[in-house]
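Participant: Build me a model:
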Amino acid sequence: QVQLVESGGGLVQPGGSLRLSCAASGNFFSINTMGWYRQAPGKERELVADITTSGSTRYEDSAKGRFTISRDNAKNRVHLQMNSLKPEDTAVYYCNAGVRISSGTTRDFWGQGTQVTVSS
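Facilitator: Numbers count the residues shown, from 1 in each chain. Coordinates of the predicted model:
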C-alpha cells in the first residue's frame, strides 16, 4: 500500500506565505508525476501544480508567479511554496502521485488533504 502524508497547511494573512510538503511511503517501484490539487467549498477539485520525475512543471494560471512546486526524488517528497497568498487560495489542498506499484501497473494516490485558509 502507498500513503501520501501532507503537512504545512494553516491560517495565513493575505500576502503571506506557506509551504506545503507531501511524503510518499509504502511499497512501490517508482513515482511518476506528483502534484497538488485544491478544492474550495462548493467547487470542484482543481490542479494547482504538478511536476514530473525529470522536473518539468505546469501551473494553474492563478498560481503562476506565486507558487513554486519542487520535489526530492530520493526522499519521495513534493513541496509547494506558496507566496503572495490571496483569500481565493483558501481551500483544502491535496497531494497526488502517480505510483508504479508493480511492473505493469500505475495507480493514482491521494493524500488526506490539508486546510489552507487565507484571511485577515
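
Participant: secondary structure class for the residue nearest to the spatial centre of the chain?
Facilitator: Nearest to the mean C-alpha position of the chain, by Cα atoms, centre = their mean, lies Trp36 at 2.4 Å. Of the three states, Trp36 takes strand under DSSP: H, G, I helix; E, B strand; the rest coil.

Participant: Kindly list the longest strand within the protein.
Facilitator: Counting by DSSP state E, the longest strand found in the chain is strand 91-102.

Participant: So which residues make contact with that strand?
Facilitator: Contacts to strand 91-102, defined as Cβ atoms under 8 Å, 6 or more residues apart in numbering, come from residues 2, 4, 6, 9, 20, 22, 24, 27-40, 43, 45, 48, 50, 78, 80, 106-116. Glycine gets a C-beta too; all of them are placed from N, C-alpha and C.

Participant: The residues you listed, buried ones only, as a PyMOL selection?
Facilitator: This is how PyMOL selects the buried members of those, with burial counted by 16 or more other Cβ atoms under 10 Å:
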select buried, resi 2+4+6+9+20+22+24+28+31+33+34+35+36+37+38+48+50+78+80+109+111+113+114+116
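
Participant: Keep only those of the contacts of strand 91-102 that are in strands.
Facilitator: 2, 4, 6, 20, 22, 24, 30-39, 48, 50, 78, 80, 106-110, 114-116.

Participant: Can you tell me who the residue nearest to the centre of the chain pairs with across the strands?
Facilitator: For Trp36, the beta-bridge partners under DSSP bridges are Ala49, Cys95.

Participant: Return the residues in contact with it.
Facilitator: By Cβ under 8 Å, 6+ apart, the contact set of Trp36 is 20, 22, 47-50, 69, 78, 80, 93-96.

Participant: mind redoing it with 6 Å?
Facilitator: Counting by Cβ atoms under 6 Å, 6 or more residues apart in numbering, Trp36 makes contact with Val48, Ala49, Leu80, Tyr93.
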